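> Sequence plus the predicted model coming up.
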Number of protein chains: 2
Amino acid sequence: MVMIFQIAEEVSRLLELKAQLGAVEDGTGPHKFTLKTPKGTRDYGPAQMAIRADVFNKIISVFKRHGAETIDTPIFELKEVLTGKYGEDSKLIYDLADQGGEFLSLRYDLTVPFARYLAMNKISNIKRYHIAKVYRRDNPAMMRGRYREFYQCDFDIAGQYDPMIPDVECVRVVSEILTSLNIGDFVIKVNHRQLLDGLFEACGVPSDKFRTVCSSVDKLDKSPWEEVRSEMVNEKGLAPSVADRIGEYVRLTGKVDLVEQLLLDEFLVAESKSARDGLEAMKLFLKYCTLYGLQDQVSFDLSLARGLDYYTGIIYEAVLLRESIGVGSIAGGGRYDNLVGMFDPKHKNVPCVGVSIGVERVFSVLEARIISSKTKVRTTEVEVYVASAQKNLLEDRMQLCKELWDADIKAEHSYKHNPKLLAQLQYCEEMGIPLAAILGESELARGVVKLRQVATRQEIEVQRETVAEAVRDLLNKINEQS
Amino acid sequence: MVMIFQIAEEVSRLLELKAQLGAVEDGTGPHKFTLKTPKGTRDYGPAQMAIRADVFNKIISVFKRHGAETIDTPIFELKEVLTGKYGEDSKLIYDLADQGGEFLSLRYDLTVPFARYLAMNKISNIKRYHIAKVYRRDNPAMMRGRYREFYQCDFDIAGQYDPMIPDVECVRVVSEILTSLNIGDFVIKVNHRQLLDGLFEACGVPSDKFRTVCSSVDKLDKSPWEEVRSEMVNEKGLAPSVADRIGEYVRLTGKVDLVEQLLLDEFLVAESKSARDGLEAMKLFLKYCTLYGLQDQVSFDLSLARGLDYYTGIIYEAVLLRESIGVGSIAGGGRYDNLVGMFDPKHKNVPCVGVSIGVERVFSVLEARIISSKTKVRTTEVEVYVASAQKNLLEDRMQLCKELWDADIKAEHSYKHNPKLLAQLQYCEEMGIPLAAILGESELARGVVKLRQVATRQEIEVQRETVAEAVRDLLNKINEQS
């Protein structure tokens, strides 16, 4: 496993280098192209797929525990569907060639297709998850787990409901997922768009600068306050006194006591109804968090702003507390009440709240952990390998495999006529197969077959007619012991 | 469920019509595009996804029973990777727009990316499955379950092994899958490319016409012999006597006795070593089929030719015997020993044999069956719905849900503050949720909760502290009964 990743990284590095050098070819054949995957993409080999399947299974069982349905949408959309949804990131959208017919683009996220799906099918409430690939023509740092083709893993609740009830369930879902993935301690930062807007209003930011100041605030997780302040004043043109007033608030983090404190803050609540409403919403949200047992994981953080324009209410972001690879953000989301209306001919809105799990980050963390722990990942689930001790037992192996498959036992045997016993047993050890059924001439003559536990090398003899049952019993015994 | 499909079909038909009429818009808003998915694609709603997940799970468990690993490749490849692999179907390949950088195309199948993966990573043996979407700019008959974006579901064995051992396992895999999907009686037709070539040789077809005559023969499953003969003579320029001689053979079907008969056919085996070798290979193949219990399902059929150029040995195709929707082919494959070599700089080959399951056909058959049987498909797995009998019990519902989730029980409750009890119980019936935990003021005062079986309307009272355990016990009891 370790080797697989190291080789994959090395191959990918070398291929990039080769492409840069101008794809020097050996010139012997008709195929003079560089043998590689497109820039920013990669193949997933069996070991990576096994890790991925395990992560998806854990995530999906949390989604199902919360009663979510799943949907799928095409990998491409009419180009117009994506237009005007991603601001300046729109340049990162992949377009399809014009081969006659409609103008198409690869999906950039799963949220916009979800909104299009709701509007098109006139669905006014649904709780759904969607796990699928999205595409961005970014210049990604691939060694840090960022690619041009990558998975998103979204959970959203659409519908006109009472305040904060679905919002807090999304946070509960994030918490259950991160706990079940066991990728380390985390905190879920929460804030509210209305409170941020109200804060900017109270501090005297002109309303046309709310979004750009928001994006400055969003940098506080990576940059110190001095830098952010300087950007606000020198690049965004805020008065220094306005920036300083913002600075007094956006560095605050806390729990419900901070909300109470801010509700008593004359400056804030007197100046802005929006801030007051945002704080009352946050108070309700934090109360529900406690009911869902999330009080220790959730942190009210006034610096959390999040980039996307379409958020309208609660926003959140989960952060790993000790992470070696890059930044710690591992999930994020929020409420977006106006996106579906952008697709509806009558602009009928469907309020939505949702969260996206950064599964590619999860894979990176788990792959790094597997490499450093030198663990071996099983890539198949074979339960018993049917081996032969001498030549000319192919038909006996085939017959036994048939019986095992008929009994729903995962089994395989060599595709060679006369494989060596040692090679067969080594294969079992390499692949982590727990049992080998060894056919031998003398044993068959006596009507028996040897069953060998690969790890302990213990062998027992079982009746040829009852091999399937004996395998099942032995597997149960091994599973109980481990 | 029935309604969902009927509505989906109707919506899709209307949208097509609307697009044809020139996308008349209401002109009230800024979004003047037709709200639809790209031509030849569709969304999958929750009910369709539930059917699809069930099909994939059954197929994957067969693949795993045979010890297969899985891989994934990017949705697009360098354009050159696909060039020259699909003959005249190449015009159906989707290209990406030139936005600077590499020329890319969406994958057309999973076989060519698999061959590219093997050559690029110098993998000389693997048994892998790959379930993923592929793209063809076809003009598909969508109502018959054919789309421009569709799933393929491939199982392949790559490696230098002894004759027919992996080949027959592929057929066994097809047989297990079709049996497990329970979609009706089927037959797996088999033939051998070498035998076909030898037959053409013996009948006097010039070798440069082998492929084109092959494609005429391939039409025998849909057209009578007279039409195929006429195409051979009038379009492909065969002498009538040559066509007649071919006709004597390609209408033969049988079992191993037919192989024996043909091996004694002086004309065929004296004229062509290729035919002789093909027949010997087929004999071995059929012997192994019997060992794997496939003798009743496999039919040696000299008319089976299959379109793709890259097959080099055994070819097969599974056909449903009674199917209402279109043609009955539901799986197909064969041996292709030279494809990987097309990617290797030194033209090193990796022999491969594989099979592709026509999952989209499977979905069509199962969806049609569900519609006609008026069965209801569950789209969630919720085990218990937490309901309230009076107002102001939201926090009690939330608290109980938390306890159920903590106990890994799939639970949900209304996102409304004060939902009506009747509405809550109706929701349980619609969604097929087996249990409702009903919170009431007087019950809570007595420290109990009502547990209601939704189907039978039977109610019991359980202690508030032990609701999770009681739910688990009751679910086990219900499952045992059903």
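On my side now, so go ahead. Numbering: from 1, shown residues only, chains lettered A, B, ... in the order given.

> hey, let's count contacts and neighbours off CA atoms from now on
Noted.

> which residues does the most centrally placed residue in chain A contact?
Centre of chain A computed as the mean C-alpha position; nearest residue by C-alpha atoms, centre = their mean is residue A:359, 1.6 Å away. Shown here is residue A:359, whose contacts under the criterion C-alpha atoms under 8 Å, 6 or more residues apart in numbering or on different chains are A:55, A:151-153, A:330.

> Return the subset of these lying in strands.
Assigned to strands by DSSP state E, the following of the contacts of residue A:359 qualify: A:151-153, A:330.

> Between all of the residues you listed, which two are at the greatest distance?
Looking at the ones in strands among the contacts of residue A:359 by C-alpha to C-alpha, the two members farthest from one another are A:151 and A:330, with 13.0 Å of separation.

> How much space separates residue A:284 from residue A:425?
62 Å (C-alpha to C-alpha, to the nearest Å).

> Compare the two and say which is more crowded by neighbours.
Here residue A:284 and residue A:425 are compared on neighbour count by other C-alpha atoms under 10 Å in any protein chain shown; more neighbours surround residue A:425, at 19 against 15.

> which SS state does that one fall under?
Recorded secondary structure, residue A:425: helix (DSSP: H, G, I helix; E, B strand; the rest coil).

> Quick check: the residue nearest to the centre of chain A vs residue A:146, distance?
11 Å.

> And residue A:340, by the same measure?
29 Å.

> What is the least confident helix or strand in chain A?
Lowest on mean pLDDT, DSSP states H and E among the helices and strands of chain A sits helix A:2-20, with a mean of 51.

> In contact with residue A:278, which residues?
Applying C-alpha under 8 Å, 6+ apart, the residues contacting residue A:278 are A:192-195, A:198.

> going on from the strand or helix carrying it, what's the next piece of helix or strand?
Assigning secondary structure by DSSP states H and E places residue A:278 in helix A:273-291. From helix A:273-291 onward toward the C-terminus, using DSSP H and E, the following helix or strand is strand A:298-301.

> how about the residue nearest to residue A:421 when sequence neighbours are not counted, what does it touch?
Distances taken as C-alpha to C-alpha, 6 or more residues apart in numbering or on different chains place residue A:389 nearest to residue A:421, at 5.4 Å, with adjacent residues excluded. Counting by C-alpha under 8 Å, 6+ apart, residue A:389 makes contact with A:420-421, A:438-441.

> got the residues of the stretch 351-482 of chain A near chain B?
Residues of the stretch 351-482 of chain A lying near chain B by C-alpha under 8 Å from any C-alpha of the partner chain: A:379-382, A:395, A:398-399, A:402, A:405, A:408-412, A:415-417.

> Quick one: buried ones out of these?
By neighbour count, with 16 or more other C-alpha atoms under 10 Å in any protein chain shown, these hold A:379-382, A:398-399, A:402, A:405, A:409-412, A:415 as buried.

> Pipe those into CSV and attach distance to residue B:463 and pLDDT per row.
Listed next are these as CSV, based on distance: C-alpha to C-alpha, whole Å; pLDDT from 0 to 100:
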residue, distance to residue B:463, pLDDT
A:379, 46, 96
A:380, 45, 97
A:381, 42, 97
A:382, 45, 98
A:398, 57, 98
A:399, 56, 98
A:402, 51, 98
A:405, 47, 98
A:409, 43, 98
A:410, 44, 98
A:411, 48, 98
A:412, 51, 98
A:415, 60, 98
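
> Sort out for me which of those are in helices.
Secondary structure of these is defined by DSSP state H; positions in helices are A:398-399, A:402, A:405.

> low pLDDT regions in chain A?
For chain A, the stretches with pLDDT under 70 are A:1-33, A:140-145, A:308, A:323-327.

> Report the buried residues of stretch A:289-300.
For stretch A:289-300, burial by neighbour count (16+ other C-alpha under 10 Å) applies to A:289, A:291-294, A:297-300.

> Can you show me the strands along the stretch 101-250 of chain A?
A:104-106, A:126-135, A:149-158, A:186-192 (DSSP state E, counting those that start in this stretch).

> Just want the angle from whichever strand or helix holds residue A:354 to strand A:149-158.
Element membership of residue A:354 [criterion: DSSP H and E] is strand A:352-357. Counting by axes from the mean of the first three to the mean of the last three C-alpha atoms, to 10 degrees, strand A:352-357 points 150 degrees away from the direction of strand A:149-158.

> which secondary structure elements does strand A:352-357 contact?
Taking 3 or more C-alpha pairs under 8 Å, 6 or more residues apart in numbering or on different chains; DSSP states H and E as the contact definition, the neighbouring helices and strands of strand A:352-357 are strand A:149-158, helix A:165-181, strand A:329-335.

> which strands and helices sit next to the longest one?
What that stands for is helix A:165-181. Packing contacts for helix A:165-181, counted by 3+ C-alpha pairs under 8 Å, 6+ apart, involve helix A:46-65, strand A:149-158, helix A:273-291, strand A:314-320, strand A:329-335, strand A:352-357.

> now swap in the first one and tell me
Helices and strands touching strand A:149-158, by 3+ C-alpha pairs under 8 Å, 6+ apart, are strand A:126-135, helix A:165-181, strand A:352-357, helix A:359-373.

> In the second one, which residues are buried?
Just to be clear, that refers to helix A:165-181. Of the residues in helix A:165-181, those buried by neighbour count under the rule 16+ other C-alpha under 10 Å are A:165-178.

> Put the alpha carbons of it into PDB.
Taking only C-alpha atoms (Å, rounded to 0.1, in the frame of the first residue of the first chain), the coordinates of helix A:165-181 have been written out as PDB:
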ATOM      1  CA  ILE A 165     -34.500  23.200  12.900                       C
ATOM      2  CA  PRO A 166     -33.100  21.900   9.600                       C
ATOM      3  CA  ASP A 167     -30.000  24.100  10.000                       C
ATOM      4  CA  VAL A 168     -29.000  22.500  13.200                       C
ATOM      5  CA  GLU A 169     -29.500  19.000  11.800                       C
ATOM      6  CA  CYS A 170     -26.900  19.700   9.100                       C
ATOM      7  CA  VAL A 171     -24.400  20.500  11.800                       C
ATOM      8  CA  ARG A 172     -25.400  17.300  13.600                       C
ATOM      9  CA  VAL A 173     -24.800  15.400  10.400                       C
ATOM     10  CA  VAL A 174     -21.300  16.900  10.000                       C
ATOM     11  CA  SER A 175     -20.500  16.000  13.600                       C
ATOM     12  CA  GLU A 176     -21.600  12.400  13.200                       C
ATOM     13  CA  ILE A 177     -19.600  12.000  10.000                       C
ATOM     14  CA  LEU A 178     -16.400  13.500  11.300                       C
ATOM     15  CA  THR A 179     -16.700  11.300  14.400                       C
ATOM     16  CA  SER A 180     -17.400   8.200  12.400                       C
ATOM     17  CA  LEU A 181     -14.500   8.800  10.100                       C
END
